[in-house]
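# predicted model follows, preceded by the sequence.
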Amino acid sequence: TKSAGVSYEDLRPGSGEVVEEGKRVNFQWVLKRSNGYLVDSSERNEGVPFIFTVGDPKGAIAGLDEGIRGMKVGGIRRIIIPPELAYVDGVEDGKPGPVPSGFGPKQRIRRVMILLKDIP
């Protein structure tokens, strides 16, 4: 467990550089509820990875930013994020999260074309 209440388990430890503050990360992801229900994934989004700079408050939700730190490149990590550090704000705030109802292809295109999110 990390200091913020985020839990993680390295399913496959990586062997590359360590993820730390200021590093730009690029990863494939799967988002599930605690009951195992699949919410979304990069595979469902044409394999587009999620990319952000660790420590940038506008880059990712707090729980993800905390949970990815210390991971090594090439690894696979399961991260469990408490609700208070998860996606709690609206789509327009620039933070990623589960796909809210009504968040269709036009919003995804907007994220890529206007906000320049989720692109290399």
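Received, thanks. Numbers count the residues shown, from 1 in each chain.
# and Pro82, how many neighbours does it have?
Pro82 is flanked by 12 other residues according to other Cβ atoms under 10 Å. Backbone N, C-alpha and C define where each C-beta goes, glycine included.
# show me what contacts it?
Contacts were defined as Cβ atoms under 8 Å, 6 or more residues apart in numbering; by that measure Pro82 touches 5-6, 63.
# buried stuff in stretch 31-44?
Applying a neighbour-count criterion of 16 or more other Cβ atoms under 10 Å, one finds 31, 40, 42 buried in stretch 31-44.
# name the nearest residue to the last one, ignoring sequence neighbours.
Closest residue to Ser42 in three dimensions, ignoring its sequence neighbours and counting by Cβ to Cβ, 6 or more residues apart in numbering: Gln28, at 4.6 Å.
# so the one you found makes contact with Glu43?
Yes. If you go by Cβ atoms under 8 Å, Gln28 and Glu43 touch, sitting 7.4 Å apart.
# mutual contacts of these two, please.
Taking Cβ under 8 Å, 6+ apart as the contact definition, Gln28 and Glu43 share no neighbouring residue.
# so the residue nearest to Ser42 versus Pro57, what's the distance?
Relative to Pro57, Gln28 is positioned 23 Å away (criterion: Cβ to Cβ, to the nearest Å).
# show me which of the two is the more surrounded one.
For the pair Gln28 and Pro57, the greater number of neighbours falls to Gln28 (13 against 9), based on other Cβ under 10 Å.
# ok, that one - contacts?
When the contact criterion is Cβ under 8 Å, 6+ apart, the partners of Gln28 are 41-43, 47, 49-50.
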